[in-house]
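Chemist: Sequence and predicted structure, then a few things I'm wondering about:
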Amino acid sequence: YTSQVLRILSDFGVRATFFPIGINIERAPEMIAEMERERHTIGNHSYDHQTFIFRSRNFIEMELRRTEEAIIKAGGKKPTLFRFPHGFKSFRAIQIIKEMGYKIISWNIMPGDWLGLMSDEIVDYIIKNTKDGDIILLHDGHDTRPDPDRTQTVKALPHIIEGLLDRGFSLKCLGEVLNGRENE
């Protein structure tokens, strides 16, 4: 579904931030090169989407390094942004990840698109709840399953973009917002 998401974003001239999982990058490395070509921001989301709660320093560092290596091998740059698997954080993990040079990113708007919602439910939730500065979390894949169904997310995306633009929002990737020129 990533290629469909990228095509829709390109059609609208919108850039986004992707947090791919390392194991999925290895399955489809060409997506990283396409994200780079389209100047999207690419962050790190761990290698295999296990939570970082009660994990050793070695485990956390290995998860991030393996994903960094996969991104770079696939044609991307070393990421500087990190999003926790499942959003589950611990003070210790935050400290380790920051020591590795990452900025930790979360989200404000999560419509639960991975739960099997219909596209109109996803669109309605986002359009009704988004405010200036919000970060919207959508999924083009999930966890480590090779074949998640993201049909409804893909179907919703053009309507989300149109709806937010109609409401006067400016849609930006985190690279544009955080340091203005990341991935350019």
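Modeler: Nice, thanks for sending it over. Numbers count the residues shown, from 1 in each chain.
Chemist: From the contact counts, what lies against the helix or strand bottoming out on mean pLDDT in the chain?
Modeler: Least confident element among the helices and strands of the chain, by mean pLDDT, DSSP states H and E: helix 174-179 (a mean of 84). Judged by 3 or more CB pairs under 8 Å, 6 or more residues apart in numbering; DSSP states H and E, helix 174-179 is in contact with strand 41-42. Where you see a C-beta, it was placed from the backbone N, CA and C, and this is true even at glycine.
Chemist: The strand it packs on: how far from the chain's middle?
Modeler: Offset of strand 41-42 from its chain centre (CA atoms, centre = their mean, to the nearest Å): 8 Å.
Chemist: Downstream of that strand, the next helix or strand is which one?
Modeler: helix 57-73 (DSSP states H and E).
Chemist: CA atoms only for that following helix, dumped as CSV, please.
Modeler: C-alpha atoms of helix 57-73 as CSV (Å, rounded to 0.1, in the frame of the first residue of the first chain):
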residue,chain,number,x,y,z
ARG,A,57,20.1,-0.8,26.3
ASN,A,58,21.6,-3.4,23.9
PHE,A,59,18.2,-4.4,22.6
ILE,A,60,17.1,-0.8,22.0
GLU,A,61,20.3,0.2,20.3
MET,A,62,20.3,-2.9,18.1
GLU,A,63,16.7,-2.2,17.0
LEU,A,64,17.5,1.3,16.0
ARG,A,65,20.9,0.5,14.3
ARG,A,66,19.4,-2.4,12.3
THR,A,67,16.7,-0.1,11.0
GLU,A,68,19.2,2.7,10.3
GLU,A,69,21.3,0.2,8.3
ALA,A,70,18.2,-1.0,6.3
ILE,A,71,17.2,2.6,5.5
ILE,A,72,20.7,3.6,4.3
LYS,A,73,21.2,0.3,2.4
